[in-house]
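# Compute the structure for the input listed below.
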Amino acid sequence: MQHEQFLDVLRFFLRMPLNATPVLEHFAGMPNARFYDFGGSERFVYVPATRENAVLLVAHADICEGGETEIPTELSEDGDIIRNADPEGILGADDRAGCAIVSILAEKLLLGHGVLITDGEEKVGDGATALLSRCGAVAAELRARYQFMIEFDQYKGRWYTCYDAGADEFREYVSKKIGEYSKAEFRHGGFESFTDICVLATDICGVNLSVGFYDEHTYDEYMNKSDWLDTLDVAVKWLSESDFPKFHASPAYRAFMRGVQYFEDKDKEAAVVEFTEAIRLKPDYALAYNSRGEVYHRLARDEDALRDHCEAVRFDPENYYYLLDRGCAYRTNRQYDLALRDYDEAQRIKPEKLEHINMIRRFCFSSRGEECLLIEKDYDKAIENYTEALRLEPGYVCGYTWRGEAYHRKGDYENAVRDFTEAINRGGLDSYYHGWRGDSYRAWGQLDKAKEDFETVLRLDPENKKAREALREMAERE
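Predicted structure coming up:
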C-alpha cells in the first residue's frame, strides 16, 4: 500500500463518531476477536496473534470526556494538517490515530501480531485495569504469548516513551530499532504522561510511540500527517521482522505495579510495602516515591508523605506532577510559602496549565486564610489570603463567605455584608448565607434588614433555632 492509501485509513477512523463504541465494534469484527464488556468504560477487544514470536499492538478507542458525539466527524485538511471542520469540536485523534496504525498493521498488512483496543484509557486505564482484574486468563496469555508491547498513543511526532514499563535493555533495544528504521530522529520523553501500558506492562515491557496528534483534548487539536507516517513506516519495518527478543519488566517495576493494584484494591498498608520494595530495588525510583507519598497522605501520615514527595522531586526535579503533589503535601503540612513556590515551578514547566495551577493556588490561599481566621485569629491576614483566593477564582463562593466572616469578627460589618451579599448573589438562596448576613446587619445596627434575613432563614430552614432566637431577641428590644 502507498502512503495515500494509509492516510485513507487514518481518515476513516478520524471520521468515526466521537465515542468508543464504533471503534471497538470495528476491531470486534476481526477474525477471532474477543469483545469483553463489563459495563461503562471497562471494555476492550483482544485479537490473538496468528504468528509465533509476536508483539502486542495496543491503542485505545475512547476520547477525552465531554467531547463525545454520535455523528460522523467532518474533517478539514490543509497540507499536512487535519482538523475537525467544526471549530467547536475536538478531532479525537487521541487515540483514533493510533487505532488507524494498528488497523493497517493487523488488517491491511496482516503482520500477525496481537491486537488490544481498550476503552477508558482517558479515565486512567479503565479497560486495561478490567483486563487484569477480571480476565485472569487473558492477562496470563498476554504475559506468556507476547515478547513486548507497543502502544500507539503518544502525542506529538517522532517521540517514544517507555515510562517505567521498560527495563534498561529494552530501552536500548527500542532506541536501536527506531534508529535503524527511521529517517528522522525520534526523542525519548513524555515521562509524566499516562497510557494503558503503564497498567498492562506488569511482566513484559512496553513502549508508546507518537502518532502525530497535537493539542489533544482541545478545540485546537490537529493531526500532522507526516509525523503519523513516520511512526507508521518505523512500525511496518520493525514489525515485519521474524524474530523478537522477550523483554521482562524490571523487578522494581513489577513491585511497583503490585503496589498500584493493592492501592486500587484499597489495601493501603500492602501498597506501602510494595512501593517500599520497589524503592529498595531502585533507590532513585521517583514514581515509587511519589506513589508511596500519595498512600501515606491517604493514611494521614502527612510528614511521611511530604518526605516521599520531596524525594520524588529530588530525583525528577522537572516533573510537573511531582511538583504539584509536593506542593499539596506542603499545603497539608501548613508550609504555604513552600507550596506556592512549587506551584510557580510547575507553571514554569507547563505554562499552558495556568488555569489548573491557579485553582490549586486558590486552595492554598484559602487554607491559609482559614488557619488565620480560626486558629491565629489574625483577621487582617485572613482577609488578605481570601482576597488572593478570590482574585484567582472570582466565582469561589465560599471565599466570599469566609472573608465576610473575617470582616465580621474584625468589626467591619459593612464589608462583611458586602461579601455575604456577593455569596448570596453567586450561590443562590442558602440559609447559612442569609444567617451570616443577618448577624452582620444586626451588629451593624440595621435591624430591619437583619430581620428580613432571619425570616428568610426560617423560610428555608424552619427548624433553625439560631434565627428564631435572634428574631425573638430583636422583638423584645423593640
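# Kindly list the main-chain dihedrals of residue 428?
Dihedral pair for residue 428: phi 80, psi -180, per degrees, to the nearest 10.
# ok, now residue 442?
With angles defined as degrees, to the nearest 10, residue 442 sits at phi -60, psi -40.
# Leaving out sequence neighbours, find the closest residue to it.
residue 450 (3.9 Å; Cβ to Cβ, 6 or more residues apart in numbering). C-beta here means a position set from N, CA and C on the backbone, and glycine is covered the same way.
# do you know how far the one you found is from residue 240?
With the distance defined as Cβ to Cβ, to the nearest Å, residue 450 ends up 82 Å from residue 240.
# how many neighbours does the residue nearest to residue 442 have?
A count of nearby residues for residue 450, using other Cβ atoms under 10 Å, gives 22.
# Same question for residue 354.
Residue 354: 12 surrounding residues under other Cβ under 10 Å.
# give the contact list for it.
Residues counted as contacts of residue 354 (Cβ atoms under 8 Å, 6 or more residues apart in numbering) are residue 347.
# SS state for it?
helix (DSSP: H, G, I helix; E, B strand; the rest coil).
# how near is the residue nearest to residue 442 to residue 418?
On the measure of Cβ to Cβ, residue 450 and residue 418 end up 15 Å apart.
# what's the least confident helix or strand in this protein, going by average pLDDT?
strand 187-188 (a mean of 75; mean pLDDT, DSSP states H and E).
# what's the spacing between residue 161 and residue 154?
Distance of residue 161 to residue 154, given as Cβ to Cβ: 6 Å.
# To clarify, my last question referred to residue 6.
18 Å.
# In terms of neighbours, single out the busier of those two.
Remark: of residue 6 and residue 154, residue 154 carries more neighbours, 25 against 20, as counted by other Cβ under 10 Å.
# so that one sits right up against residue 196, yeah?
No - between residue 154 and residue 196 there is no contact under Cβ atoms under 8 Å: 11.9 Å.
# Show me the strands in the stretch 351-478 of the chain, by range?
Taking DSSP state E, counting those that start in this stretch, the stretch 351-478 of the chain contains no strands at all.
# low-scoring stretches of it, by residue?
Filtered on pLDDT under 70, the stretch 351-478 of the chain yields the residue ranges 478.
# swap the cut-off to 80 and go again
428-429, 478 (pLDDT under 80).
# again, but for the chain
Applying pLDDT under 80 to the chain picks out residues 1, 65-68, 164-167, 183-194, 428-429, 478.
# show me where the stretch 201-350 of the chain has helices.
225-239, 251-264, 268-281, 286-298, 302-315, 320-332, 336-349 (DSSP state H, counting those that start in this stretch).
# Residues contacting the longest one, please?
So the one you mean is helix 225-239. By Cβ under 8 Å, 6+ apart, helix 225-239 touches 3, 6-7, 10, 55, 57, 80-82, 97, 100-101, 104-105, 109, 111, 113, 150, 152, 156-158, 177-178, 181-184, 186, 209-212.
# Mind doing that once more with 6 Å?
3, 80, 97, 101, 111, 157, 177-178, 181-182, 184, 209, 211-212 (Cβ atoms under 6 Å, 6 or more residues apart in numbering).
# Using the record's domain definitions, break the chain down for me.
Per automatic domain parsing, the structural domains of the chain span 3-239, 251-329, 429-478.
# Dump those domains into CSV; add distance to residue 408 as well.
Below are the domains of the chain laid out as CSV (distance: least, Cβ to Cβ, whole Å):
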stretch, distance to residue 408
domain 3-239, 40
domain 251-329, 30
domain 429-478, 5
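# who wins for proximity to residue 373 among these?
Closest of the domains of the chain to residue 373 is domain 429-478, at 13.2 Å (criterion: Cβ to Cβ).
# neighbours around residue 445, how many?
Residues near residue 445, counting by other Cβ under 10 Å: 9.
# actually residue 8, not the one I typed
Residue 8: 12 neighbours (other Cβ under 10 Å).
# next helix or strand past the strand or helix carrying it?
Element membership for residue 8 (DSSP states H and E) is helix 3-14. With elements assigned by DSSP H and E, the helix or strand that comes after helix 3-14 is helix 20-28.
# buried ones in stretch 51-64?
53, 54, 55, 56, 57, 58, 59, 60, 61, 62, 63, 64 (16 or more other Cβ atoms under 10 Å).
# SS state for the last one?
Same thing as residue 64. Secondary structure, three-state DSSP: residue 64 is coil.
# now the residue lying closest to it once chain neighbours are set aside: how far from residue 470?
Once flanking residues are discounted, residue 64 sits nearest to residue 217: 4.2 Å by Cβ to Cβ, 6+ apart. Counting by Cβ to Cβ, the gap from residue 217 to residue 470 is 50 Å.
# ditto for residue 270
Here the distance between residue 270 and residue 470 works out to 53 Å (Cβ to Cβ).
# The two: which is more packed in?
Taking neighbours as other Cβ under 10 Å, residue 270 and residue 470 compare with residue 470 leading, 21 against 16.
# so how many other residues sit close to the nearest residue to that one once chain neighbours are set aside?
Spatial nearest neighbour of residue 470, excluding adjacent residues (Cβ to Cβ, 6+ apart): residue 454 at 5.1 Å. Neighbourhood size, residue 454 [other Cβ under 10 Å]: 27.
# quick one, what contacts residue 454?
438, 467, 470, 471.
# now the second one: how far from residue 442?
So the one you mean is residue 467. 11 Å.
# higher neighbour count, the two?
The neighbour comparison of residue 467 against residue 442 (other Cβ under 10 Å) goes to residue 467, with 24 against 19.
# The more buried one contacts residue 460, doesn't it?
No - between residue 467 and residue 460 there is no contact under Cβ atoms under 6 Å: 9.4 Å.
# can you tell me which residues contact residue 68?
Counted by Cβ under 6 Å, 6+ apart, residue 68 has contacts 18, 19.
# doesn't it fall inside a helix?
No - secondary structure of residue 68 (three-state DSSP): coil, not part of a helix.
# what's the distance between it and residue 360?
Here residue 68 is placed at a distance of 27 Å from residue 360 (Cβ to Cβ).
# same question, residue 88
For residue 88, the distance to residue 360 equals 28 Å [Cβ to Cβ].
# When the two are compared, which one has more neighbours?
Counted by other Cβ under 10 Å, residue 88 and residue 360 do not tie: residue 360 has more neighbours, with 19 against 6.
# Thanks a lot, see you next time.
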